[in-house]
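Colleague: Using only what follows, build the 3D model:
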Amino acid sequence: MEPSEATATEEDQGAAPLPELILTEIFSRVPAKSAARFRCLSHEWFATLSSDYFVDLHVRRSNRPGRPRLLLALVGSLYDGYVYSWQPGGPVERLMPDDFATKGSLVPIAKPCRGLILMRCTDYGGYFVCNPCTGAVLALPDSKVPLKMTLRIAMRGQPEAPFFFKVAYGLGYCSITRQHKVVRLFRNIEVSSCEVFELDTPAYWRPTAEQPPLCHVKEQKMAVFFNGYLHFLCTDASITTFNTCSETFGSLPPPTGFENASPVLTELDGSLCFCYGEPDTDDPYHVFLLRDYMKGRWEKLCCIDRMAWPESERMLLRSLCIAPLAMYHSDDGQRKIMFGTGSCNLRATP
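Modeller: Got it, this is the predicted structure:
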C-alpha cells in the first residue's frame, strides 16, 4: 500500500460523523422532493425524516416570510396537464402531472396544507388530495355529485332525506391527532350539514357531532385553513369557522361596511385576508387583514386605485377573478403584494 493511500484511509476512519441535529438542520433546508428521497438512506433516516418534528421544521423553513413558494396550475388554452411550483426570482418547477383526472381540468382550490393540496376537477370530475412531492393522489369518494346533492325518494313510511344544492370543501389539519381532514359544508334553503373525511383512516365521510349553523356557501368559495380553523365564506360575506380539532363551529364578521359584498377570502402575511373589488371594473380594490383574530378586528392593509394605473395595466386587473397570492420582498427591497387574475397573469403592487 502506498503511504498516501494509507494516510487517506486513516483520515477517513478517524473522521467523526456529523451530529444528527446538524444533519436534520441541513435536510430541513433542501426541497421537499429531495427530503422525501433521503428517507431511503436507512431505516433510521426514514424515521427521522418522517417524524412530526422534522415535518414541522421543514414547513417553517419552506415558508419563510418574504420568500413565498406558489403552487400554479395553468387553465384555459394554456392548460398542459401539470402542476407547477414557483418562487419569485427562481425557475418554475414542474411538480406532477394531473393525468388522474378522468374529465375536465384540475385546479388547486386552496393553498397547500402541510405538504398536501386539495384539488377540484372541473365538469363535476370530483375532488382529489395530492402530495406533490411523492406524486401520491387520493380520489375523495362521493365527491363528483355527492349523494346529498341528488334527489332521493323515501320509502313508504320513511322521512324524506334532505336535498342539498350547494357545497364547499376545505382541507385542514388537526394538531392534536396529527391528521389532515377534508371538510365539506352543504346547504339548502332551510338547513346546513357538515361532513368530515379523515386521511389515513377508513375511507368514509362522517357527519360532525355538532350541527352547523345555517350558512349559504358557494363551491367556488374555497374554505381557508388558518389558525387551526377552516373558514367558509358565505354569500352575505359572513364567515363560518370550523375548528379542525374540536369540530365545533363559530363565526367571524366581515369588515365594517362590506356586509353582503362578494369578496375573496385567503391567507396573506400570516393573517386571514378579506378582499373586495367589483369584478371586471376599475373600482378600488380593498384588502383587509384580520390582525386580532380573537376580537375579530380587521385592519385595512391597502386600497388599490386602479384608475391610477396605465390603461394597459388596468386591463389585466379587469378580471372576474382577482386575489392576492402572497407578500414578498422585491430585488430593490420593496415589500409587494402579488396578485393572481383570471387571465392567468401575476401582478405585483407595492
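Colleague: Quick test: name the residue nearest the centre of this protein.
Modeller: By C-alpha atoms, centre = their mean, the chain has its centre lying nearest to residue 111, at 1.9 Å.
Colleague: And for the closest residue in space to residue 307 that isn't next to it in sequence, the neighbour number?
Modeller: Nearest non-adjacent residue to residue 307, counting by C-beta to C-beta, 6 or more residues apart in numbering: residue 282, 5.3 Å away. Glycine gets a C-beta too; all of them are placed from N, C-alpha and C. Number of residues near residue 282 (other C-beta atoms under 10 Å) recorded here: 17.
Colleague: again, but for residue 57
Modeller: For residue 57, using other C-beta under 10 Å, the count is 16.
Colleague: is it fair to say it lies in a strand?
Modeller: No: Residue 57: not assigned to a strand; according to DSSP: H, G, I helix; E, B strand; the rest coil it is helix.
Colleague: correct me, but it touches residue 29?
Modeller: No: with contacts counted by C-beta atoms under 8 Å, residue 57 stays clear of residue 29, the gap being 9.5 Å.
Colleague: where's the residue nearest to residue 307, which helix or strand?
Modeller: Element membership of residue 282 [criterion: DSSP states H and E] is none; it lies in no helix or strand.
Colleague: That one and residue 338: what is the separation?
Modeller: Residue 282 sits 20 Å away from residue 338, going by C-beta to C-beta, to the nearest Å.
Colleague: In three-state terms, label residue 275 for me.
Modeller: Criterion first, three-state DSSP; result for residue 275: strand.
Colleague: repeat for residue 24
Modeller: Per three-state DSSP, residue 24 ends up helix.
Colleague: What distance do you get for it to residue 52?
Modeller: 13 Å.
Colleague: out of those two, which sits in the busier spot?
Modeller: Comparing residue 24 with residue 52 by other C-beta under 10 Å, the one with more neighbours is residue 24, at 18 against 9.
Colleague: who touches the residue nearest to the centre of the chain in this structure?
Modeller: By C-beta atoms under 8 Å, 6 or more residues apart in numbering, residue 111 lies in contact with 71, 117, 224, 225, 266, 267.
Colleague: So it belongs to a helix, correct?
Modeller: No: Residue 111 sits outside any helix when classified using three-state DSSP, being coil.
Colleague: Distance check, it against residue 275.
Modeller: For residue 111, the distance to residue 275 equals 15 Å [C-beta to C-beta].
Colleague: tell me the strands in the stretch 51-200 of the chain, going along the chain?
Modeller: In the stretch 51-200 of the chain, the segments counted as strands under DSSP state E, counting those that start in this stretch are 70-73, 82-86, 93-97, 106-108, 117-121, 126-131, 136-139, 166-174, 179-187, 192-198.
Colleague: May I see these organised as CSV, with mean pLDDT, mean neighbour count and distance to residue 39 added?
Modeller: Below are the strands of the stretch 51-200 of the chain laid out as CSV (pLDDT from 0 to 100; neighbours: other C-beta atoms under 10 Å; distance: least, C-beta to C-beta, whole Å):
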stretch, mean pLDDT, mean neighbour count, distance to residue 39
strand 70-73, 74, 18, 22
strand 82-86, 79, 17, 20
strand 93-97, 80, 16, 18
strand 106-108, 67, 21, 25
strand 117-121, 86, 23, 20
strand 126-131, 88, 20, 13
strand 136-139, 88, 16, 14
strand 166-174, 93, 21, 21
strand 179-187, 93, 22, 19
strand 192-198, 93, 20, 24
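Colleague: would you turn these into CSV with distance to residue 47?
Modeller: Listed next are the strands of the stretch 51-200 of the chain as CSV, based on distance: least, C-beta to C-beta, whole Å:
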stretch, distance to residue 47
strand 70-73, 28
strand 82-86, 27
strand 93-97, 26
strand 106-108, 31
strand 117-121, 25
strand 126-131, 19
strand 136-139, 19
strand 166-174, 21
strand 179-187, 19
strand 192-198, 23
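Colleague: out of these, which comes closest to residue 218?
Modeller: Taking C-beta to C-beta, strand 166-174 is the member of those nearest to residue 218, at 6.4 Å.
Colleague: Look up the closest residue to residue 32, ignoring the ones flanking it.
Modeller: In this structure, residue 32 finds its nearest non-sequential neighbour in residue 133, 4.4 Å apart by C-beta to C-beta, 6+ apart.
Colleague: wait, doesn't the one you found sit right on residue 115?
Modeller: Yes: shown here, residue 133 and residue 115 form a contact pair, counting by C-beta under 8 Å, at 6.6 Å.
Colleague: re the thing from before, can you tell me how far the residue nearest to residue 307 sits from residue 313?
Modeller: For residue 282 relative to residue 313 (C-beta to C-beta), the value is 11 Å.
Colleague: what comes into contact with stretch 19-28?
Modeller: 35, 38, 48, 49, 54, 57, 58, 61.
Colleague: Which of these fall in helices?
Modeller: Of the positions in these, 35, 38, 48, 49, 54, 57, 58, 61 sit in helices, assigned by DSSP state H.
Colleague: For the stretch 201-350 of the chain, give me the ranges with low pLDDT.
Modeller: Applying pLDDT under 70 to the stretch 201-350 of the chain picks out residues 279-280, 316-320, 342-350.
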